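Student: please find the sequence and the predicted model below.
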Amino acid sequence: MLEAVGLRPPEWRTYQVLMRLPTGTAEELADRLGLGVAEVTAALTVLQRRGAVTRTAEDPRRFRAVPPDLAFGPDLRRRQHDLAVVAEAVERLSAEYRNQLALRGAGDLIEVVSGEAIAPRIVELQRKAQREVCAIMKAPTFAVRPSENVAEQEALRAGIRYRSIYPREVLTLPDDPFELADSLCRGERARIVDETPLKMIMVDRAVAVVPVLPASSPEPSALLVYPSGLLDALVALFEALWANATPLLAADGAVRQGDDNAPSPQDLHLLSLLLAGLTDQAIAAQLGLSMRTVQRRVHDLIELAGVRTRLQLIWRAAHRNWL
């Protein structure tokens, strides 16, 4: 804990034990800590220099702990001040960066990647993902085949969310070129629309890859789009498609579309209670369920409806004639 104020583990442990005693010698502390006397003596020397312990007047071999707020309070306040200064500097630099970004030319916002360089860049971007990878798919497959996309498999295992939108035709293509069933079983969330307008892979809403020449062309190429109005438009396009797409489900190695009429009569009852303005606690009491079960079922309905909030859920339920 006190490593934050510059103490190493032996020094922190020595102080922690001494704090619980009226006084203690290096030998007594070493016996309690299971450390060598020399190591504890060195720790006490550091603590005394830091003003965290003092020698007793009666016996200079014995040490007494100084109260923590006096021993470490000034150091912590200095560090808090330093952090506040750093935070202010980072905020100022971030604002300057955003202003400079707005003034950059198109060449700084878009990068062209061609040929065999496309696939490694896609893999690299996925491995740098911190939160989410979004994709809009279109036949033929992207530069990296799903079975070869080790980066996606590693990211899913690490808890990175993958959301993909597919055109309806993929359900009728022979040999399942997108390997949908395997992808869904690995944890990818997928939805389907009648037709996708383009191909795209987007990482953390910070960069998007958009092919401009097909893989079948003599020299395929793709654009890497960095933070800009264009990237904002691609984010909005993906979210608009996702909100109105139909979920894809996998069972027994087969892929099927989610049913717009999927909510059970019990879930429809729950929806009606939400619409009536009841709290989760009141709904739980009304349905004879636990609070956790009610919250889980509401979350499942939000996922099914393809929305993010309860208010959007009610609107989508009415739009789909669930209520």
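Tutor: Structure received. Keep in mind that this is a model prediction, so the values were computed, not measured.
Student: and the residue lying closest to Ser164 once chain neighbours are set aside, how many neighbours does it have?
Tutor: Among residues not flanking Ser164 along the chain, Ala135 sits closest, at 4.4 Å (Cβ to Cβ, 6 or more residues apart in numbering). Just so you know, the C-beta spots here come from the backbone N, C-alpha and C atoms, and that holds for glycine as well. Per other Cβ atoms under 10 Å, the neighbour tally for Ala135 reads 24.
Student: repeat that for Glu88.
Tutor: 10.
Student: picking up where we left off before, the residue nearest to Ser164 contacts Glu152, correct?
Tutor: No. Ala135 is not in contact with Glu152 according to Cβ atoms under 8 Å; the separation is 9.3 Å.
Student: that older thread, strand partners of the helix or strand encompassing the residue nearest to Ser164, parallel vs antiparallel please.
Tutor: Per DSSP states H and E, Ala135 falls inside strand 132-136. According to DSSP bridges, strand 132-136 forms sheet pairs with strand 161-167 (parallel), strand 200-203 (antiparallel).
Student: which outside residues touch the following helix or strand past it?
Tutor: Using DSSP H and E, the helix or strand that follows strand 132-136 towards the C-terminus is helix 150-157. Contact with helix 150-157 is made by Ile122, Val123, Gln126, Arg127, Ala129, Val133, Val144, Pro146, Tyr162, Arg186, Gly187, Glu188, as judged by Cβ atoms under 8 Å, 6 or more residues apart in numbering.
Student: out of the residues you listed, which is most surrounded?
Tutor: Highest neighbour count within the contacts of helix 150-157: Ile122, with 24 neighbours (other Cβ under 10 Å).
Student: give me the element that residue is part of.
Tutor: Counting by DSSP H and E, Ile122 is part of helix 118-127.
Student: tell me how far that helix lies from the chain's centre.
Tutor: 19 Å (Cα atoms, centre = their mean, to the nearest Å).
Student: what helices or strands is that helix leaning on?
Tutor: Contact here means 3 or more Cβ pairs under 8 Å, 6 or more residues apart in numbering; DSSP states H and E; on that basis helix 118-127 packs against helix 150-157, strand 200-203, strand 207-213, strand 221-225.
Student: quick one: buried residues of the first one?
Tutor: So that's helix 150-157. For helix 150-157, a neighbour-count test (16 or more other Cβ atoms under 10 Å) marks Ala151, Glu152, Gln153, Ala155, Leu156 as buried.
Student: try the third one
Tutor: By neighbour count, and taking 16+ other Cβ under 10 Å as the criterion, the buried residues in strand 207-213 are Val207, Ala208, Val209, Val210, Pro211.
Student: who's the third one bridged to?
Tutor: Beta-bridge pairing of Val209, defined through DSSP bridges, involves Ile201, Leu224.
Student: quick one: it and Pro120 touch, right?
Tutor: No. Using Cβ under 8 Å, Val209 is not in contact with Pro120, being 11.7 Å away.
Student: got JSON lines for the strands paired with strand 132-136, with mean pLDDT and distance to Glu91 too?
Tutor: Compiled in JSON lines, the strands paired with strand 132-136 are given as follows (pLDDT from 0 to 100; distance: least, Cβ to Cβ, whole Å):
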{"stretch": "strand 161-167", "mean pLDDT": "90", "distance to Glu91": "28"}
{"stretch": "strand 200-203", "mean pLDDT": "93", "distance to Glu91": "25"}
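Student: what's the following helix or strand after the lowest-mean-pLDDT helix or strand in the chain?
Tutor: When the helices and strands of the chain are scored by mean pLDDT, DSSP states H and E, strand 254-257 comes last with a mean of 61. As assigned by DSSP H and E, the chain's next helix or strand after strand 254-257 is helix 265-275.
Student: what is the mean pLDDT for the helix or strand following that following helix?
Tutor: Counting by DSSP H and E, the next helix or strand C-terminal to helix 265-275 is helix 280-287. Averaged across helix 280-287, pLDDT comes to 85.
Student: likewise stretch 238-251?
Tutor: For stretch 238-251, mean pLDDT rounds to 79.
Student: skipping adjacent residues, who's closest to the residue nearest the centre of the chain in space?
Tutor: Nearest residue to the geometric centre of the chain (Cα atoms, centre = their mean): Arg131, 3.5 Å. Of all residues beyond its chain neighbours, the one nearest Arg131 is Asp204 (5.3 Å), with distances taken as Cβ to Cβ, 6+ apart.
Student: show me what contacts that neighbour?
Tutor: Neighbours of Asp204 in contact, by Cβ under 8 Å, 6+ apart: Ala129, Gln130, Arg131, Glu132, Val133.
Student: with that, I have no additional questions.
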